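Enquirer: with the sequence up front, the predicted model follows.
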Amino acid sequence: MAQTTKEIFEMISSEMEKDYSQADGIEATYQFNISGDDAATYQVILGADSGSVVEGDSEEADCIINMDSEDFKKMVDGELNGTEAFMGGQLQIEGDMGLALRLQDILSAYSSED
């Protein structure tokens, strides 16, 4: 499934609107700095009872993820484990490591819908 970075974040946004319970009480702003062929910056903003996805870096991020677009797509598709990507240097994290550890669960919850 060859989705663009933009399509992935649109899907995450639409899944959050349908069922926000997957965010499991996390209140944080994740920033994705995606590089490579499909580069973009997006923020996933998780609030107490709703979330949003915005393009750019309008909010102060609690957890910043730096990743190549191809690796990001593999991670969203479940072909690349977030921990392995981090250990292998394909994923760099700035900020709250505790939030970073919960990222894989959030991504899989909101991107598993086909």
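Expert: Looks like it arrived, so ask away.

Enquirer: so which residues of the protein form helices?
Expert: 5-18, 69-76, 82-87, 97-111 (DSSP state H).

Enquirer: in JSON lines, list those along with distance to Ser35 and mean pLDDT.
Expert: All C-beta spots, glycine's among them, are computed from the backbone N, C-alpha and C. Output for those, formatted as JSON lines (distance: least, Cβ to Cβ, whole Å; pLDDT from 0 to 100):
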{"stretch": "helix 5-18", "distance to Ser35": "10", "mean pLDDT": "92"}
{"stretch": "helix 69-76", "distance to Ser35": "7", "mean pLDDT": "92"}
{"stretch": "helix 82-87", "distance to Ser35": "14", "mean pLDDT": "89"}
{"stretch": "helix 97-111", "distance to Ser35": "17", "mean pLDDT": "81"}
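
Enquirer: among those, which is nearest Glu27?
Expert: Go through the helices of the chain one by one with Cβ to Cβ and the one that ends up closest to Glu27 is helix 97-111, at 9.9 Å.

Enquirer: by how many degrees do the closest one and helix 69-76 diverge?
Expert: Counting by axes from the mean of the first three to the mean of the last three Cα atoms, to 10 degrees, helix 97-111 lies at 80 degrees to helix 69-76.

Enquirer: CA-only coordinates of helix 97-111 in PDB, if you can.
Expert: Taking Å, rounded to 0.1, in the frame of the first residue of the first chain, the C-alpha atoms of helix 97-111 are listed here in PDB:
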ATOM      1  CA  MET A  97      10.900   8.900  25.800                       C
ATOM      2  CA  GLY A  98       7.900   7.600  27.800                       C
ATOM      3  CA  LEU A  99       5.600   9.100  25.100                       C
ATOM      4  CA  ALA A 100       7.800   7.700  22.400                       C
ATOM      5  CA  LEU A 101       7.300   4.200  23.800                       C
ATOM      6  CA  ARG A 102       3.500   4.600  23.500                       C
ATOM      7  CA  LEU A 103       3.800   5.900  19.900                       C
ATOM      8  CA  GLN A 104       3.700   2.500  18.200                       C
ATOM      9  CA  ASP A 105       0.400   1.600  20.000                       C
ATOM     10  CA  ILE A 106      -1.200   4.900  18.900                       C
ATOM     11  CA  LEU A 107       0.000   4.600  15.300                       C
ATOM     12  CA  SER A 108      -1.200   1.000  15.000                       C
ATOM     13  CA  ALA A 109      -4.500   1.800  16.600                       C
ATOM     14  CA  TYR A 110      -5.200   4.600  14.200                       C
ATOM     15  CA  SER A 111      -3.700   3.300  11.000                       C
END
